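> sequence unavailable; structure follows:
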């Protein structure tokens, strides 16, 4: 009892360790995904600015009022709410700024705006569908090139024109930012003024981070987000100050050096903090998240309580069942174990005592019946193994070799080769329908007829006699195919007759040719007669005899190997000796077929004509 509980404790401990790893990896994945989402949504701040401008400034101007005073009032209220706006001013249809002294406009920007007078006029003309000379905008650019030095005037004016009704990024000197030009119309839809908005990229990012960082972190449990600017001078950080700086400092250092993302664990007391960080893509900030393992520890505690309860329950159940099994099942199980050992030792005469009329008693009875069948199969298998040739038959000028792989313990395939005189060798292969003991008995009967002393070994006559015996004794319950050949060693001739067996292949000159001779199956009709065919063989010729298990085995496409595939492969499988060739064919066959139990007996018999010795 102590050992299973100890094992259970080890399993529980390993489970908790692996479970914590999974939860920590999942937490890191979720926080990293949340940081990436936060970074990717930075452009949303421009949509918020646009919505605020439309609501506070861009509403149509009422009639019979001073439009400049109304716009100035709207802008002043907006700047009170958004003091971080870099530039927000009004341009009239003459291209003049009417609110220049009330906004935080840089010297370069003021100079460019002054130079853009005709460009702004062209924007008004386009909005109100009025004619305008485009040559004047070109004069705007030329007039200020000397004063602005290396500032990209063409790029700025092009961005300025494209910014009507939307935001566009711009670059003035080393400064980067966003600008937009939005018309303020009267009640008739005529553009009366342009509101020109500019803000630096760094400023917009800080606005976005300060407004959305904490709400994004609240989407995750026990998590704080931190953003540290990558600016080389006076970098911003959010929040500031924050108490977890000592936890994230090593990860922040890695991000600053080269890493695009980091993961870390820091243990403080009983709490483990999981740290994830990324280098911002849209934001010029390093983004980090610190998550407490509180929920992980909570799940671990709940799991521990469950495992303790499960261990107690298993202990009680094991004690109860063990006691019952000790009294009820140990003896029958021990007898079954002895029976299994008897099978492994091939002692099929062993029988099990039937102790009770229950499932174990029934199992013992079935086991005894099985042992009787195994004893019969063992005898049949021994007989079959004795009947099959066991090694290569080598004669002057020829080599003969065959091997059978039965689908069951005892198969229905039959083959043989033996010498009947100094100059003649008999070779035959057959396939009795079915498998098991009955098929093996048919094979044994065929062996007895072929090897009978009165047999003259003429192939056609032998098959005729064999057909008559099978028809008389089997009553058409069994049929058999057979290919019978007589080899003349001196003449290098093969005389054969075929009773419904698969056509053998003659392999020479790197080709495989089927040797066709038709005949009816054995056991079909008493009136069947067979004829002989004689072929001359040449040195290096190879005759391949086989059963249907070779060509009917299924490959991975659920199709049989087939004759064409075998015919194409045989020339490349010929080796120096007949045994090596048989092994090569079987290796080729095994490489093609689907894994699983063998569906049919597989038998190969090879006749190889040797090269004459020099």
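Everything's here; your move. All values reported here derive from a predicted model rather than from experimental measurement.
> next, count neighbours for residue 175.
Neighbourhood size, residue 175 [other Cβ atoms under 10 Å]: 16. In this view, the C-beta of every residue, glycine as well, is placed from N, C-alpha and C.
> surely it touches residue 200?
Yes: between residue 175 and residue 200 there is a contact under Cβ atoms under 8 Å: 6.4 Å.
> can you pull the phi/psi pair for the residue nearest to residue 455 when sequence neighbours are not counted?
Closest residue to residue 455 apart from its sequence neighbours, by Cβ to Cβ, 6 or more residues apart in numbering: residue 462 at 6.0 Å. For residue 462, the backbone dihedrals are phi -60, psi -40 (criterion: degrees, to the nearest 10).
> could you check how far residue 462 is from residue 497?
Remark: distance between residue 462 and residue 497 (Cβ to Cβ, to the nearest Å) = 8 Å.
> joint contacts of these two?
The contact sets of residue 462 and residue 497 overlap at residue 484 (Cβ atoms under 8 Å, 6 or more residues apart in numbering).
> tally of neighbours for the residue nearest to residue 87 when sequence neighbours are not counted?
Excluding its sequence neighbours, the residue lying closest to residue 87 (Cβ to Cβ, 6+ apart) is residue 198, at 3.7 Å. The number of residues packed near residue 198 is 26, by other Cβ under 10 Å.
> I'd say residue 198 and residue 168 touch.
No: contact between residue 198 and residue 168 fails when scored by Cβ under 8 Å: they sit 10.6 Å apart.
> can you list residues touching both of those two?
In terms of Cβ under 8 Å, 6+ apart, residue 198 and residue 168 are both contacted by the residues 178, 179.
> quick one: pLDDT of the residue lying farthest from the centre of the chain?
In the chain, the residue that sits farthest from the middle, by Cα atoms, centre = their mean, is residue 64; the gap is 73.3 Å. Model confidence at residue 64, given as pLDDT, is 83.
> in three-state terms, label it for me.
Under the three-state scheme (DSSP: H, G, I helix; E, B strand; the rest coil), residue 64 adopts coil.
> can you tell me how far it is from residue 255?
The value you get for residue 64 to residue 255, if Cβ to Cβ is used, is 59 Å.
> before we move on, what about residue 276?
Applying Cβ to Cβ to residue 276 and residue 255 gives a distance of 11 Å.
> give me the common contacts of these two.
Here residue 276 and residue 255 have 262, 288 as joint contacts, going by Cβ under 8 Å, 6+ apart.
> tell me which of these two has more neighbours.
residue 276 (24 against 21).
> just confirm that one is within a helix.
No: judged by three-state DSSP, residue 276 forms no part of a helix; its state is strand.
> pretty sure it sits against residue 263.
Yes: look at residue 276 against residue 263 with Cβ under 8 Å: they come within range, at 5.7 Å.
> re earlier: measure the residue nearest to residue 455 to residue 452 for me?
For residue 462, the distance to residue 452 - Cβ to Cβ - is 10 Å.
> between these two, who's got more neighbours?
Shown here are residue 462 and residue 452; by other Cβ under 10 Å, residue 462 has more neighbours (24 against 10).
> need the contact list for that one.
Contacts of residue 462 (Cβ under 8 Å, 6+ apart): 449, 450, 455, 456, 484, 497.
> mind redoing it with 10 Å?
426, 428, 446, 449-450, 452, 455-456, 482, 484, 486, 497, 499, 530 (Cβ atoms under 10 Å, 6 or more residues apart in numbering).
> buried ones from the residues you listed, can you make that a PyMOL selection?
Buried subset of the contacts of residue 462, written as a PyMOL selection, criterion 16 or more other Cβ atoms under 10 Å:
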select buried, resi 426+428+446+449+450+482+484+486+497+499+530
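> can you classify residue 402 by secondary structure?
With three-state DSSP as the basis, residue 402 sits in strand.
> Three-state assignment for the residue lying closest to it once chain neighbours are set aside, please.
Among residues not flanking residue 402 along the chain, residue 605 sits closest, at 3.5 Å (Cβ to Cβ, 6+ apart). Recorded secondary structure, residue 605: strand (three-state DSSP).
> measure the nearest residue to residue 268 once chain neighbours are set aside to residue 275 for me?
Excluding its sequence neighbours, the residue lying closest to residue 268 (Cβ to Cβ, 6+ apart) is residue 247, at 7.5 Å. Per Cβ to Cβ, residue 247 is found 6 Å from residue 275.
> count the residues that sit near the residue nearest to residue 268.
Counted with other Cβ under 10 Å, the neighbours of residue 247 add up to 19.
> and what of residue 563?
Using other Cβ under 10 Å, residue 563 is surrounded by 15 other residues.
> which of the helices and strands in this protein ranks last by mean pLDDT?
For the chain, counting by mean pLDDT, DSSP states H and E, helix 135-148 ranks last in confidence among helices and strands (a mean of 50).
> residues contacting residue 524?
Taking Cβ under 10 Å, 6+ apart as the test, what residue 524 contacts is 467, 470, 471, 476, 479, 480, 499, 500.
> please redo it, this time with the cut-off set to 8 Å
Applying Cβ under 8 Å, 6+ apart, the residues near residue 524 are 467, 471, 476, 479.
> so what pLDDT did residue 568 get?
94.
> name the nearest residue to residue 296, ignoring sequence neighbours.
Looking at residue 296 with Cβ to Cβ, 6+ apart, the closest residue is residue 23, at 4.8 Å.
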